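> structure for this input, please:
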Amino acid sequence: MVPGLGDCPKCGITDWKPPRHVRTRGVTSTAIADLNIITCKKCGFTELYELSEQELAPIKKKALMIFIFAGIVPILLGIAVPIWLIWG
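Reported below is the predicted structural model:
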C-alpha cells in the first residue's frame, strides 16, 4: 500500500504498487517532466503524478554524482594516464 493514496477509482481497493520514477519528454517539446507511476495491484489502473521539489532533491543529487563519475572522471583519467606513461 502506498501511503496517502485512497481507494482505486476503478476497483475500489487500496492495494497499490510502490511508485516508480520516470523522466520523460514530449515529442515536440524540450521540457523534461519527472513523474511517479502508481498502479493498482488488482486491476492495473495507473496514474501519473508530477514529482514535487522535495521528491526531486535526491534524484537531482544522484544525477549529479552520475555525471561526475561518468563524465568528469574519465576525462581526468584520459589526461593523467598519458602523462604518467610519458613521464612515469
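> can you point out the buried residues in stretch 14-25?
Under the neighbour-count criterion of 16 or more other C-beta atoms under 10 Å, stretch 14-25 has 16, 19 buried. Quick note: C-beta positions are derived from backbone N, CA and C, even for glycine.
> and the helix or strand where residue 86 lies, what does it pack against?
Assigned by DSSP states H and E, residue 86 belongs to helix 73-87. Helices and strands touching helix 73-87, by 3 or more C-beta pairs under 8 Å, 6 or more residues apart in numbering; DSSP states H and E: there are none.
> would you pull up how far it lies from the middle of the chain?
32 Å (C-alpha atoms, centre = their mean, to the nearest Å).
> where do the strands sit along this structure?
Ranges of strands within the chain are 20-25, 32-39, 46-50, based on DSSP state E.
> returning to what we had before: send the alpha carbons of the helix holding residue 86 over as CSV?
Only the C-alpha atoms of helix 73-87 are listed here, as CSV (Å, rounded to 0.1, in the frame of the first residue of the first chain):
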residue,chain,number,x,y,z
VAL,A,73,36.4,11.1,-14.0
PRO,A,74,37.1,9.6,-17.5
ILE,A,75,38.3,13.0,-18.8
LEU,A,76,40.7,13.3,-15.8
LEU,A,77,42.0,9.7,-16.3
GLY,A,78,42.4,10.4,-20.0
ILE,A,79,44.7,13.3,-19.2
ALA,A,80,46.5,11.7,-16.2
VAL,A,81,47.3,8.3,-17.7
PRO,A,82,49.2,9.5,-20.8
ILE,A,83,51.1,12.0,-18.7
TRP,A,84,52.0,9.1,-16.3
LEU,A,85,53.1,6.9,-19.2
ILE,A,86,55.2,9.7,-20.7
TRP,A,87,56.8,11.0,-17.5
